[in-house]
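Novice: After the sequence you'll find the predicted model.
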Amino acid sequence: MSFSAKFTQGDLSEHIIKMALTNVIGLSVFFIVDLIDIYFISLLHQPHLVAAIGYAAAILFFSSSLSIAMMIANSAVIAKSIGQQDILSAQKSALTCYLLTFIFSIFISLIIFYNTTTILSMIGAQARELEAAAHYLKIVVFSIPLAALSMQIIATLRALGKAKLAMICTLIGGVVNLILDPLLIFYFKLDLNGVAFASIIARMAMLLLGGYYLLYQHRFIVRMKLDDFKVNTHKILKIALPVSLTQMITPMSHLYITYEIAKFGSDFMAGWAIISRLIPVAFIMLFAMPGSIGPIISQNLGAKNIIRVKDTLNISLNFIIKYVLVLALTLSFLQEFLIQLFNARNDAAILLRFFCQYIPISFIFVAMNLVAMSFLNNVGHAKVATLLNAGKMFFGIIPFVSLGAYYYGAQGILVGQAVASIIFSLIAIVICYKNLSKLKAQ
């Protein structure tokens, strides 16, 4: 089976939109499933269960972020090898990524499993919320290795330009999850535990299908010696370690926000749980774009076509800014509908209404930051991305969220997060264009 560097030729806008849309379709299934989970649980009229999902999601965000870090390394290394027409190197790099990811994900799963109650208590979970979240986590933790390996296979397929196959894998996994959720929650009366079991089965289906496409249909497998594993491990970790630190900062920010909101009571926490699941669905293109442009940037960098690298950055930024403007207006009009849909009451409704009215426009800067991080990771400046995200966490999120909470309550937390995003995304974009100038000079 031969693989060509398809992103080094043809219309860039078409490549970006095609990659983004197939990524959106794949991601949307899981993001929508997460949102529907909240909807189904809200129908039980037990706010502590909705809050429990919020606490558990904050912890699971860590494992997902580490998997995403390995995906970024996978995509960057493999796509660059394809751009250089070195298929054997791409195959060995992919296998190394799978082995490393499996080891890391098992380790993370064990840490969460044996420290569930302690970790939940540290971020503010108490009483019934703590008990429900702990039961849920101790089941769903077994799906972490399945999800991590599935994400690696999907990243490889995308790096090879097989975006449609990657989309089908995530689509099937999401559909399985969507079918099993109401069955296990309502028919078998498993509540949150039903959500956890559905996730395990769905991720198993995604892994099996992805493995079939990559290993059997496309024969993207090769024998590898221990020396090859060592060489490729060094190459991958050179990207993955700084990217892991970058990705870890995002869930740390989420944990800190969760911790601050928890101080204002379970109703506000339920509102935050709804918002944190609504964001990926409403702004799904923002989360799809970095993974979409990564392989395009890497292939063109490998082919030393810097003009196409710059055009990729410009086109993606232009597209997502227009996208956010439309979504911000839409959410403002839909705020009362969303409050009724998720049975948000009292403080939960207040927080959700405030978010829809004022916060979405700030996601222009969240989008700019995500694209900037993808660009820096794929052009070999992963450490710079790490420093930027660390700066955003320690000099942006923590001080601004703390001040917002102190002066304006739970709503102030959302404003503080938005202000931090605005400041640090602008810094990140300036650095991206400075690095582009250096690449052109070289």
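Specialist: Done, it's in.
Novice: Give the buried residues for the worst-scoring helix or strand of the chain on mean pLDDT.
Specialist: Least confident helix or strand of the chain, by mean pLDDT, DSSP states H and E, is helix 12-42 with a mean of 77. In terms of neighbour count (16 or more other C-beta atoms under 10 Å), helix 12-42 has its buried residues at 12, 15-16, 19-20, 22-42. The C-beta positions use only the backbone N, C-alpha and C, and glycine is treated the same way.
Novice: Can you give the distance of whichever helix or strand comes after that helix from its chain's centre?
Specialist: Going down the chain from helix 12-42, the next helix or strand is helix 47-83, by DSSP states H and E. Distance, stretch centre to chain centre, for helix 47-83: 5 Å (C-alpha atoms, centre = their mean, to the nearest Å).
Novice: what residues are up against residue 42?
Specialist: 50, 274, 342, 343 (C-beta atoms under 8 Å, 6 or more residues apart in numbering).
Novice: go on, residue 17?
Specialist: Here residue 17 is in contact with residue 319 (C-beta under 8 Å, 6+ apart).
Novice: do that again at 7 Å, thanks
Specialist: By C-beta atoms under 7 Å, 6 or more residues apart in numbering, no residues touch residue 17.
Novice: distance of residue 292 from residue 302?
Specialist: 17 Å (C-beta to C-beta, to the nearest Å).
Novice: And for residue 82?
Specialist: For residue 82 relative to residue 302 (C-beta to C-beta), the value is 7 Å.
Novice: Do you know the pLDDT at residue 243?
Specialist: In this model, residue 243 is scored at 72, pLDDT.
Novice: tally of neighbours for residue 8?
Specialist: Residue neighbour count, defined by other C-beta atoms under 10 Å, stands at 18 for residue 8.
Novice: Hmm, it is touching residue 84, no?
Specialist: No: the pair residue 8 / residue 84 is not scored as a contact, 10.5 Å apart, by C-beta atoms under 7 Å.
Novice: which residues does residue 261 contact?
Specialist: Applying C-beta under 7 Å, 6+ apart, the residues contacting residue 261 are 268, 269, 272, 410, 413.
Novice: surely the third one meets residue 55?
Specialist: Okay, so that is residue 272. No: contact criterion C-beta under 7 Å: residue 272 and residue 55 do not qualify, at 9.9 Å.
Novice: any shared contact partners between those two?
Specialist: residue 258.
Novice: Now do the helix or strand that residue 99 is a member of against helix 47-83: the angle between them, please.
Specialist: Residue 99 belongs to helix 87-114 when assigned by DSSP H and E. Orientation check (axes from the mean of the first three to the mean of the last three C-alpha atoms, to 10 degrees): helix 87-114 against helix 47-83 gives 160 degrees.
Novice: If you tally nearby residues, what's the number for the spatially closest residue to residue 213 that is not a sequence neighbour?
Specialist: Distances taken as C-beta to C-beta, 6 or more residues apart in numbering put residue 165 closest to residue 213, at 4.9 Å, once the chain neighbours are dropped. Each residue near residue 165 was counted by other C-beta under 10 Å, and the total is 21.
Novice: ok, now residue 322?
Specialist: 10.
Novice: quick check, distance from the host helix or strand of it to the centre of its chain.
Specialist: In this structure, residue 322 sits in helix 306-341 according to DSSP H and E. For helix 306-341, the separation from the chain centroid amounts to 17 Å (computed by C-alpha atoms, centre = their mean).
Novice: what does stretch 227-238 give?
Specialist: 25 Å.
Novice: What of stretch 350-362?
Specialist: Centre to centre, stretch against its chain (C-alpha atoms, centre = their mean), the figure for stretch 350-362 is 21 Å.
Novice: ditto for stretch 350-369
Specialist: For stretch 350-369 - counting by C-alpha atoms, centre = their mean - the centre lies 18 Å from the chain centre.
Novice: Pull the residues that contact that stretch.
Specialist: 268, 271-272, 274-275, 283, 286, 317, 320-321, 324, 327-328, 331-332, 334-335, 338-339, 344, 410-411, 414, 418, 421-422, 424-425, 428-429.
Novice: Could you pick out the buried ones from the residues you listed?
Specialist: 268, 271-272, 274-275, 283, 286, 317, 320, 324, 327-328, 331, 338-339, 344, 410-411, 414, 418, 421-422, 424-425, 428-429.
Novice: Could you give me the buried positions within the host helix or strand of residue 203?
Specialist: Remark: residue 203 resides in helix 191-211, with elements defined by DSSP H and E. Using 16+ other C-beta under 10 Å as the burial criterion, the residues of helix 191-211 that qualify are 191-207, 209-211.
Novice: other SSEs contacting the longest helix along the chain?
Specialist: Criterion DSSP state H: the longest helix present in the chain is helix 398-441. Using 3 or more C-beta pairs under 7 Å, 6 or more residues apart in numbering; DSSP states H and E, the elements in contact with helix 398-441 are helix 226-262, helix 306-341, helix 346-358, helix 363-378, helix 382-392.
Novice: what is the mean pLDDT for stretch 272-281?
Specialist: Mean pLDDT, stretch 272-281: 87.
Novice: Give me the neighbour count for residue 164.
Specialist: As a burial measure, residue 164 scores 12 neighbours (other C-beta under 10 Å).
Novice: element containing it, please.
Specialist: helix 163-182.
Novice: Taking helix 191-211 as reference, get the angle to that helix.
Specialist: 160 degrees.
Novice: tilt between helix 163-182 and helix 12-42?
Specialist: Using the same axes, to 10 degrees: helix 163-182 against helix 12-42 is 10 degrees.
Novice: residues in contact with helix 163-182?
Specialist: 18-19, 22, 25-27, 29-30, 33, 36-37, 40, 150, 154, 157-158, 194-195, 198-199, 201-203, 205-206, 209-210, 213.
Novice: So, low pLDDT: which residues of the chain?
Specialist: 1-5, 26-30, 246-247, 442 (pLDDT under 70).
Novice: Residue 235: what's it in contact with?
Specialist: Counting by C-beta under 7 Å, 6+ apart, residue 235 touches 77, 93.
Novice: Can you give me the distance of the closest residue to residue 195 other than its chain neighbours to residue 130?
Specialist: For residue 195, ignoring the flanking residues on the chain, the nearest one in space by C-beta to C-beta, 6+ apart is residue 37 at 5.1 Å. Distance, residue 37 to residue 130, using C-beta to C-beta: 19 Å.
Novice: repeat for residue 384
Specialist: Taking C-beta to C-beta, one finds residue 384 at 39 Å from residue 130.
Novice: Just the C-alpha atoms of the helix holding residue 203, please, in PDB.
Specialist: Taking Å, rounded to 0.1, in the frame of the first residue of the first chain, the C-alpha atoms of helix 191-211 are listed here in PDB:
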ATOM      1  CA  ASP A 191     -28.000   6.000  36.200                       C
ATOM      2  CA  LEU A 192     -24.300   7.300  36.000                       C
ATOM      3  CA  ASN A 193     -23.000   3.800  36.000                       C
ATOM      4  CA  GLY A 194     -24.900   3.200  32.800                       C
ATOM      5  CA  VAL A 195     -23.100   6.100  31.100                       C
ATOM      6  CA  ALA A 196     -19.800   4.600  32.200                       C
ATOM      7  CA  PHE A 197     -20.600   1.100  30.800                       C
ATOM      8  CA  ALA A 198     -21.800   2.600  27.500                       C
ATOM      9  CA  SER A 199     -18.500   4.500  27.200                       C
ATOM     10  CA  ILE A 200     -16.400   1.300  27.600                       C
ATOM     11  CA  ILE A 201     -18.400  -0.600  24.900                       C
ATOM     12  CA  ALA A 202     -18.400   2.300  22.500                       C
ATOM     13  CA  ARG A 203     -14.600   2.800  22.800                       C
ATOM     14  CA  MET A 204     -14.000  -0.900  22.300                       C
ATOM     15  CA  ALA A 205     -16.000  -0.700  19.000                       C
ATOM     16  CA  MET A 206     -14.000   2.300  17.800                       C
ATOM     17  CA  LEU A 207     -10.700   0.600  18.600                       C
ATOM     18  CA  LEU A 208     -11.600  -2.600  16.700                       C
ATOM     19  CA  LEU A 209     -12.800  -0.700  13.600                       C
ATOM     20  CA  GLY A 210      -9.800   1.600  13.600                       C
ATOM     21  CA  GLY A 211      -7.500  -1.400  13.900                       C
END
